[in-house]
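**Student:** coordinates for the following, if possible.
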Amino acid sequence: MGRTRATTAKASCDACFFQRNMLCALDLAAPCVTFRPDHPEGLRPPRQMRFVFRQERQVRASWAFPTADEQAALHAV
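**Tutor:** Numbering: from 1, shown residues only. Here you go, the predicted structure:
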């Protein structure tokens, strides 16, 4: 049996925060990319992606700058 996704309401200009508060200056037939749903609490920022730290795989750096002593030895005349 196939699974179906939960249906979400389609975005429309009638449900847009900017349209309902007379802040929209566009005259389009379809909702624009700045569509934000109108909530009783007001305008909410869009959800952000979660930041996940990755585990370090290397114990030490594979390359590092030479120390001062090594630099002096390389350039000694």
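**Student:** residues contacting stretch 16-34, please?
**Tutor:** Applying CB atoms under 8 Å, 6 or more residues apart in numbering, the contact partners of stretch 16-34 are 11-14, 35-39, 42-43. C-betas here are computed from N, CA, C, even on glycine.
**Student:** inside helices: which ones of the residues you listed?
**Tutor:** Counting by DSSP state H, those place none of their members in helices.
**Student:** narrow these to those that are buried.
**Tutor:** Buried members of these, scored by 16 or more other CB atoms under 10 Å, are 13, 35-36, 38.
**Student:** closest one of the residues you listed to residue 54?
**Tutor:** Nearest to residue 54 among the buried ones among the contacts of stretch 16-34, counting by CB to CB, is residue 36 at 32.2 Å.
**Student:** surely that closest one meets residue 42?
**Tutor:** No. The criterion here is CB atoms under 8 Å, and residue 36 misses it with residue 42 at 10.0 Å.
**Student:** which of the helices or strands spans residue 19?
**Tutor:** Element membership for residue 19 (DSSP states H and E) is helix 17-20.
**Student:** give the rounded mean pLDDT of that helix.
**Tutor:** The predicted model assigns helix 17-20 a mean pLDDT of 88.
**Student:** following element in sequence after that helix, please.
**Tutor:** Following helix 17-20 toward the C-terminus (DSSP H and E): helix 68-74.
**Student:** using CSV, write out the CA atom coordinates for that next one.
**Tutor:** The C-alpha trace of helix 68-74 is given here as CSV (Å, rounded to 0.1, in the frame of the first residue of the first chain):
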residue,chain,number,x,y,z
ALA,A,68,59.8,29.1,13.5
ASP,A,69,62.8,26.8,14.0
GLU,A,70,62.0,24.9,10.8
GLN,A,71,61.5,28.1,8.9
ALA,A,72,64.9,29.4,10.1
ALA,A,73,66.6,26.1,9.1
LEU,A,74,65.0,26.3,5.6
